[in-house]
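**Q** coords below, sequence missing:
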């Protein structure tokens with residue numbers, strides 16, 4: 001087992017255990033869920049009228065697409081659950097200053113809660 005000296009403090013950690021790997025997996029999945037939430041939101045939102053739409057009198061969708069809103073709801077729900085589990089795991093596992101940051105989990109939790117609130121209060 002390698003030991004590293006840093007500010008006269010010996011690092012006795014070995015290789016990453018299963019919990020740390022699971023936490024890294026949650027963090028990576030959080031970025032995937034964030035990207036999916038943004039893509040589905042872009043697809044679900046109403047279309048905006050452009051100059052050409054007015055000139056050629058094209059029909060555009062001015063309402064939220066309910067099918068994609070359902071996907072958005074379930075993605076946000078899964079994201080909030082995954083974020084909660086990951087943050088609870090992070091609190092118990094990351095005790096040192098140089099441990100990996102869990103910014104993705106915090107961001108996913110924020111997006112998920114805002115997404116759930118938006119779907120529930122504004123769209124349904």
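**A** Sure thing, it's come through. The structure presented is a predicted model; accordingly, all values stated were derived computationally and were not measured. Numbers count the residues shown, from 1 in each chain.

**Q** When you work out contacts or count neighbours from here on, use the C-alpha atoms and nothing else.
**A** Fine.

**Q** How is residue 49 assigned, secondary-structure-wise?
**A** coil (DSSP: H, G, I helix; E, B strand; the rest coil).

**Q** Nearest spatial neighbour of it, chain-adjacent residues omitted?
**A** Closest residue in space to residue 49, ignoring its immediate chain neighbours: residue 60 at 7.0 Å, by CA to CA, 6 or more residues apart in numbering.

**Q** give me every residue that touches that neighbour.
**A** Listed by CA atoms under 8 Å, 6 or more residues apart in numbering, the contact partners of residue 60 are 47, 48, 49, 53.

**Q** of the residues you listed, closest to residue 67?
**A** Of all those, residue 67 sits closest to residue 47, with 15.3 Å by CA to CA.

**Q** Any chance of the backbone angles for the closest one?
**A** phi -80, psi 150 (degrees, to the nearest 10).

**Q** ok, how many other residues are close to it?
**A** 14 (other CA atoms under 10 Å).

**Q** Could you find the closest non-adjacent residue to it?
**A** Looking at residue 47 with CA to CA, 6+ apart, the closest residue is residue 61, at 5.5 Å.

**Q** How about residue 66?
**A** residue 44 (7.4 Å).

**Q** where's that neighbour relative to residue 63, distance?
**A** 9 Å (CA to CA, to the nearest Å).

**Q** So residue 26 lies in a helix, does it not?
**A** Yes: counting by three-state DSSP, residue 26 is part of a helix.

**Q** Pretty sure it sits against residue 87.
**A** No: using CA atoms under 8 Å, residue 26 makes no contact with residue 87, being 9.3 Å away.
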